[in-house]
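Engineer: Using only what follows, build the 3D model:
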Amino acid sequence: MTLNRFIFIFVRYRNLTNIFIMNRKVFYSLMILALAFVFSTGCDKDDDDDNSNLTAKQKAVKDYEDNYLATELSDPGWTGSVNGCNAGSVSQESHNKVVQRINYFRRICGLNDDIAHNASQNDMCQECALIMKANNSLSHYPPQSWQCWTQDGYDAAGASNIAWSSQPGTMHSTYAVTGYIEDPGANNKSVGHRAALLLPGLEKVGHGSTDQTNAILWMEGNYNQNGTSDPFVAYPPDNYIPGELVFPRWSFSITQANFDNAQVTVSSGGQNYNVSYEDRITFQGWPDSRIVWKVQGLTYPITKDMDFDVTVSNIQNAAQDSYSYTVKVFATSAAKKIAKEGKKYDYIIK
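Structural biologist: Coordinates of the predicted model:
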């Protein structure tokens, strides 16, 4: 029964009021029921907030819009300066969006998406980011001769993903998160920075940025070493993914597996693609072992809907010797814009 219908009936038979007055218990009981009806209908969730009727692809697009596009940040709010070696700070919004974007990438890969910001590491991460900006270079072991060197900054550099761009206004905060997932550069064939942010046992991160450098501290007590991939971590994932977030290096990891003789096949729409292997990393403990490859004949970013069937076979020391999954790419306006205009900044990841 709708509320209007209830009111209609109540007014239509208002002559019963005298009876209610005579029997107050009945009257009060009905009034309580009426109030309960009003409040219960008023608390119903908006249809717009209900995702139950969305398809898997629609949910993926909404997640991308709400948790990737919504974390774009043009200015991290850095208050520091190279002059005087002031590490400064960044806005809380910057910290929040860094964590939100990391959790987005983890979620589409089937990992826990509840990592937190370790605010106790802010200062050392800021000092690390300042060292890199002041010297226009990156190092996990910056020498004491570097401008603005501090012990805390040095310690953070050795325990963090670090990034630098020649162009101010880029490679800070959330820009850097995406940069680490892409993991470009001749020295990053093992995609170790991607692996760090997609570490199954990751629980929290420290963060610091300037206007063109970044440090995301993922070691120093921020992960659970007993975390394991279940059953694997792939990027691009066994899931829907926007076209601009599919990068040339593809990776597949399993805790303690051996990929020395593993083989990868990739196909789409009946077409088989050749692959070239970038690296094979085998660890007996933490972090996850992984195999990295490139798919030949693809142009990035991918600007149309495409499904890629991937099989990784001949794996040793794993629950299965072969795994198959499907990467479901959906087209976005951002991918088309990048394809047309190219990336507007250069950067280095270390």
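
Engineer: any weak-confidence spans in the protein?
Structural biologist: 1-50, 228, 284-287, 344-345 (pLDDT under 70).

Engineer: show me where it has strands.
Structural biologist: Secondary structure of the chain (DSSP state E): strands at 116-117, 160-165, 204-209, 213-217, 233-235, 240-242, 249-254, 263-268, 271-273, 275-281, 289-295, 306-313, 322-330, 347-349.

Engineer: Go through the ones you listed and pick out the most buried.
Structural biologist: Stretch with highest mean neighbour count among the strands of the chain: strand 213-217 (a mean of 30; mean count of other CB atoms under 10 Å). Just so you know, the C-beta spots here come from the backbone N, C-alpha and C atoms, and that holds for glycine as well.

Engineer: Could you list the paired strands of it along with their orientation?
Structural biologist: Here strand 213-217 is paired, per DSSP bridges, with strand 160-165 (antiparallel), strand 204-209 (antiparallel).

Engineer: In a markdown table: those strands, plus distance to Leu138.
Structural biologist: Formatted as a markdown table, those follow (distance: least, CB to CB, whole Å):
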| stretch | distance to Leu138 |
| --- | --- |
| strand 160-165 | 5 |
| strand 204-209 | 14 |
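
Engineer: Ok, which of those strands comes nearest Val329?
Structural biologist: Distance to Val329, taken as CB to CB, is lowest for strand 160-165 among these, at 25.3 Å.

Engineer: coming back round to it: switch the strands of the chain over to TSV; also include distance to Asn187.
Structural biologist: As requested, the strands of the chain are exported to TSV (distance: least, CB to CB, whole Å):
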stretch	distance to Asn187
strand 116-117	28
strand 160-165	13
strand 204-209	22
strand 213-217	17
strand 233-235	19
strand 240-242	25
strand 249-254	13
strand 263-268	22
strand 271-273	26
strand 275-281	11
strand 289-295	13
strand 306-313	24
strand 322-330	26
strand 347-349	9
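
Engineer: how about the helices of the stretch 101-250 of the chain, start to end?
Structural biologist: Here the stretch 101-250 of the chain has its helices, by DSSP state H, counting those that start in this stretch, at 122-135, 151-157, 173-182, 192-197.

Engineer: what packs against the third one?
Structural biologist: What it means is helix 173-182. helix 92-108, strand 160-165, helix 192-197, strand 204-209, strand 213-217, strand 347-349 (3 or more CB pairs under 8 Å, 6 or more residues apart in numbering; DSSP states H and E).

Engineer: Make TSV out of the ones you listed and add distance to Gly84.
Structural biologist: Formatted as TSV, those follow (distance: least, CB to CB, whole Å):
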stretch	distance to Gly84
helix 92-108	22
strand 160-165	20
helix 192-197	31
strand 204-209	17
strand 213-217	17
strand 347-349	25
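
Engineer: Mind checking those for the one nearest to Gln263?
Structural biologist: Proximity to Gln263 (CB to CB) singles out helix 192-197 among the helices and strands packed on helix 173-182, at 20.7 Å.

Engineer: Need the residues that contact the closest one.
Structural biologist: By CB atoms under 8 Å, 6 or more residues apart in numbering, the residues outside helix 192-197 that reach it are 102, 105-106, 161, 177, 180-183, 202, 216, 218, 235, 249, 251, 253, 287-288, 290, 349.

Engineer: what sits up against stretch 299-308?
Structural biologist: Contacts to stretch 299-308, defined as CB under 8 Å, 6+ apart, come from residues 236, 243-244, 246-248, 266-269, 295, 326-331, 335-336, 338-339.

Engineer: can I get the CA coordinates of it in CSV?
Structural biologist: Extracted C-alpha coordinates of stretch 299-308, given in CSV (Å, rounded to 0.1, in the frame of the first residue of the first chain):
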residue,chain,number,x,y,z
THR,A,299,48.5,-0.6,-30.8
TYR,A,300,48.2,1.2,-27.4
PRO,A,301,46.0,2.4,-26.1
ILE,A,302,43.3,0.0,-27.2
THR,A,303,40.4,2.1,-28.4
LYS,A,304,37.7,-0.5,-29.0
ASP,A,305,36.0,-3.3,-27.2
MET,A,306,38.1,-6.4,-27.4
ASP,A,307,38.3,-9.8,-25.5
PHE,A,308,41.7,-11.5,-25.2
